[in-house]
Every structure is written in C-alpha cells, then in structure tokens.
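[1] sequence first, then the predicted structure, then my questions.
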Amino acid sequence: MEVKVKTKEIRALMEDALGLRGIRGEDAAFIIDDYVEAEQEGHKTHGLSKFLMIDAGLSRKKGTIEVVKKSGCFARIEGNGELGHIAARYAANLAVEMAREHGVGMAAFDHVSRYSRITPYAKKIAQAGFVGMLMNNGGPACVAPYGGKTPVFGTNPLCFSFPSGQGEPYVFDFATAQKVWGEIRQAMVERRAMAPNAFLDQSGAFTRDPEKAVAAVPFGGPKGYALCFALEVMTGALIGAKMGNEAEDEFDLGYLFLAFSPDMFTSLESFQGEMDKLAAEVRDSEPVAPGGQVFVPGEIFGNQKASVREAEEMEIEEDVYQRLQIMSRSLEGGLENNRLLN
C-alpha cells in the first residue's frame with residue numbers, strides 16, 4: 001500500500017538517518033538527491049527502497065579512498081570499504097581532471113559499496129564538457145549466460161553521457177540484464193509479481209515470483225549476452241577486480257569511469273552542435289503510431305525532472321516510509337538481505 005508523504009519530510013528523514021551514520025554535508029545532499037530523484041522519475045528499484053540498504057553499504061568501511069596507482073591518463077583507486085556514492089564522485093572528478101590534461105581520463109576502483117545509478121556521475125562528466133563512458137559490475141553473480149540457467153555475471157550496466165549546448169546533458173544509462181536484480185526487492189516491497197520473461201527459477205523456467213527467482217537473463221538475446229560478458233571483463237580482469245562467482249559480495253565488484261575530451265579531434269562547441277543536431281533529427285523522426293513521439297534515449301524520464309522536483313508530495317510504499325522513520329532515529333529499520341542488494 002502506498003502513502004502520500006511530503007517530499008521535504010522524506011528528505012529530512014534521510015538526512016537524519018545519514019547523520020546518525022556519520023554522513024553529512026555535500027555527501028549526504030548528493031546521496032539524498034540521487035535516491036529521491038530516482039524514486040520520483042519512476043526508477044523505484046534504485047530509489048528509496050535501495051536507500052534502505054545503506055547500513056550494508058557501511059558495514060565494511062575501514063578507511064578512506066586512496067589512489068594507489070596513477071600514471072598519465074589513468075588511475076587505480078582503492079576504496080577501503082567506502083560508500084559507493086562517495087567513491088564514484090571522487091572517480092568521476094579524477095577522470096575529468098586527467099582528461100583535461102591528457103584528452104582521456106580513466107579511473108578504476110573497487111572495494112566500495114554499491115551506489116544507486118550511474119547517471120549522476122556520467123552527468124558530472126558531461127557537464128564538465130567531456131564525453132563519459134561508465135560501467136560497473138552489477139553483481140554478485142545474478143545473470144545467467146544466454147542459454148544457461150546458472151548465474152555467472154552481474155547485471156552490468158553501461159552508461160554514456162554527452163554534453164549538450166542546449167541544456168541538460170544526454171545520458172544513456174542501461175543494465176545489460178532484461179531487468180535489474182532490484183526488481184526482486186521492489187516486487188517484494190510492493191507485494192506484486194515481477195516482469196515476465198526476465199527471471200529464471202531453479203529449473204530454468206521463467207518466473208514472476210520474487211521468492212523463486214535465482215537468475216536474471218541478459219537483454220537482447222545473444223547480442224546483449226555478449227555485451228554483458230564484455231562488461232564483466234572490463235570491470236573485472238582489466239582492472240584487477242573479481243568476476244563471476246568469485247565476486248562474493250558488493251565489495252568485490254569493479255568500476256571503470258572514462259572521460260574523453262572532444263578537443264582531441266574537434267572542439268567542444270562543434271561537438272555540442274552536432275550532438276544537438278542529431279538529437280533534433282531523432283525527435284523529428286516520424287513516429288510509427290499516429291500522434292506518437294520519438295525520444296532520445298533517457299529523455300522520457302529526463303522530461304519529468306522539472307515537474308517531479310517541484311512536487312510537494314511523493315507516493316511511497318508504507319513499509320518503506322515506516323523504515324525511513326525508524327532509520328532516522330536509530331541504527332535499525334533498514335533492509336538487511338544481501339540477496340537484494342543489486
């Protein structure tokens with residue numbers, strides 16, 4: 001059952017919950033914005049129910065993030081159990097810094113907890129005038145290879161971001177699984193069936209029951225499977241992080257953020273002009289359905305932002321609201337099932 005709650009109240013509860021856990025200032029504001037925006041845009045799998053997992057994300061912190069290797073355009077970051085949001089902001093800023101100097105910046109890291117979406121970090125890179133390409137292992141193993149039923153890969157999202165001369169950057173953020181593993185958590189929270197043809201049970205048959213799901217399937221058949229496999233390698237073997245079933249929990253996962261300067265081959269102004277022109281051609285494409293509209297990837301959700309940010313109320317699941325209230329005044333109330341972290 002959903003309840004209507006003032007957006008300001010939700011933010012205040014989250015701020016209090018984070019403060020109790022030692023997270024304040026810009027870090028807290030960034031984390032709150034990310035989860036609230038995801039919830040308001042309809043990405044509930046990456047919204048407030050995922051915020052409830054914050055204590056699991058703090059459970060292994062043993063220090064601050066540090067650069068353990070840096071040469072030219074690349075850097076390797078040791079996370080030391082830091083929150084994913086904090087480490088990812090650092091990595092995005094470092095990738096931009098190196099791209100300013102070398103044209104390309106590549107920042108890799110692991111041993112951090114999971115963040116919510118890649119979108120905020122990709123957007124930071126594009127807002128700085130660079131093209132972003134960001135990826136991470138979305139495990140532990142929960143996606144079966146094409147034709148198989150045993151999970152081997154993570155949901156392995158990939159995100160591109162491009163600066164625009166007309167406003168917000170273009171951000172294309174998508175998992176390479178048919179549905180993210182968080183769909184299971186959200187279906188449990190909402191007490192509903194999951195999307196069809198996205199999850200397998202123990203026998204290898206599709207299931208819509210969140211209690212029976214043991215594996216997700218890649219999107220796009222063999223092509224999506226190949227991309228999921230490649231991203232496992234890019235965020236695993238390439239950067240020295242774990243892959244497949246060797247990744248036992250979220251702190252074993254790898255991340256790779258890249259920033260590219262348009263000035264290597266053209267200019268930022270020229271790139272933005274060409275990008276905006278191509279986006280306009282896409283929007284002007286004649287729709288198949290009469291009266292329909294063609295969108296640039298990510299634009300359907302992006303177009304909601306002005307209205308949702310101004311919304312004074314949010315509709316959230318009653319259980320999520322109650323847990324936020326508890327978390328705001330104690331170190332209890334969150335979700336603890338590691339199976340639901342992805």
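    It's in. It should be emphasised that the depicted structure is a prediction, and the values quoted were computed from it without experimental measurement.

[2] all helices of the chain, in order?
    7-20, 25-40, 48-51, 54-58, 84-102, 119-127, 182-190, 221-234, 268-283, 299-302, 305-310, 318-327 (DSSP state H).

[3] could you tell me which residues within the second one count as buried?
    Spelled out, it's helix 25-40. For helix 25-40, a neighbour-count test (16 or more other C-beta atoms under 10 Å) marks Ala28, Phe30, Ile31, Ile32, Asp34, Tyr35, Val36, Glu37, Ala38, Glu39, Gln40 as buried. (C-beta placed from N, C-alpha, C; glycine too.)

[4] tell me the pLDDT of the last one.
    Reading off the per-residue confidence, Gln40 sits at a pLDDT of 90.

[5] how close does it sit to Gly105?
    31 Å (C-beta to C-beta, to the nearest Å).

[6] please apply the same query to the third one.
    According to C-beta to C-beta, Ile31 stands 24 Å off from Gly105.

[7] not counting its neighbours along the chain, what's nearest Arg11?
    Closest residue in space to Arg11, ignoring its immediate chain neighbours: Ile32 at 5.6 Å, by C-beta to C-beta, 6 or more residues apart in numbering.

[8] separation between that neighbour and Arg100?
    Distance from Ile32 to Arg100, by C-beta to C-beta: 29 Å.

[9] repeat for Ala38
    In terms of C-beta to C-beta, Ala38 sits 29 Å off from Arg100.

[10] please apply the same query to Ala108.
    18 Å.

[11] likewise for Phe260?
    Distance, Phe260 to Arg100, by C-beta to C-beta: 11 Å.

[12] of those two, who's got more company?
    Each of Phe260 and Arg100 has its neighbours counted (other C-beta atoms under 10 Å); Phe260 has more, 18 against 15.

[13] could you report the neighbour count for the residue nearest to that one when sequence neighbours are not counted?
    The shortest distance from Phe260 to any non-neighbouring residue, by C-beta to C-beta, 6+ apart, is to Val131 (4.3 Å). Val131 has 24 neighbours, counted by other C-beta under 10 Å.

[14] isn't Val131 right up against Ser164?
    No - using C-beta atoms under 8 Å, Val131 makes no contact with Ser164, being 11.5 Å away.

[15] which residues sit in contact with the residue nearest the centre of the chain?
    Nearest residue to the geometric centre of the chain (C-alpha atoms, centre = their mean): Arg117, 1.9 Å. Residues near Arg117 by C-beta atoms under 8 Å, 6 or more residues apart in numbering: Asp34, Ala38, His43, His46, Asp173.

[16] same check on Ile31?
    Ile31 touches Met14, Leu18, Ile23, Phe51, Leu83, His85, counting by C-beta under 8 Å, 6+ apart.

[17] from Asp263, how far off is the second one?
    According to C-beta to C-beta, Leu18 stands 38 Å off from Asp263.

[18] and Gln293, which of the helices of the chain is closest to it?
    Nearest of the helices of the chain to Gln293, taken as C-beta to C-beta: helix 268-283 at 7.6 Å.

[19] and that closest one, what's buried?
    Buried-residue list, helix 268-283, by 16+ other C-beta under 10 Å: Phe271, Gln272, Met275, Asp276, Ala279.

[20] check stretch 168-186 too.
    Neighbour-count burial for stretch 168-186 [16+ other C-beta under 10 Å]: 169-186.

[21] ok so, going back, min pLDDT across the contacts of Arg117, which one?
    Scoring these by pLDDT puts His43 last, at 85.

[22] number of residues surrounding it?
    His43, neighbours per other C-beta under 10 Å, totals 20.

[23] and what of the one 3 residues further on?
    Residues contacting His46 under the criterion other C-beta under 10 Å number 23.

[24] doesn't Gly182 make contact with it?
    Yes - between His46 and Gly182 there is a contact at 6.4 Å, judged by C-beta under 8 Å.

[25] now do the shared contacts for those two.
    With C-beta under 8 Å, 6+ apart as the test, His46 and Gly182 reach no residue in common.

[26] neighbours of the closest residue in space to Ile326 that isn't next to it in sequence, how many?
    Leaving aside its chain neighbours, Ile326 sits nearest to Gly333 (2.9 Å; criterion: C-beta to C-beta, 6+ apart). Gly333 has 16 neighbours, counted by other C-beta under 10 Å.

[27] give me phi/psi at Gly333?
    The phi and psi values for Gly333, taken as degrees, to the nearest 10, are phi 100, psi -20.

[28] could you tell me how far it is located from Gly221?
    Counting by C-beta to C-beta, the gap from Gly333 to Gly221 is 41 Å.
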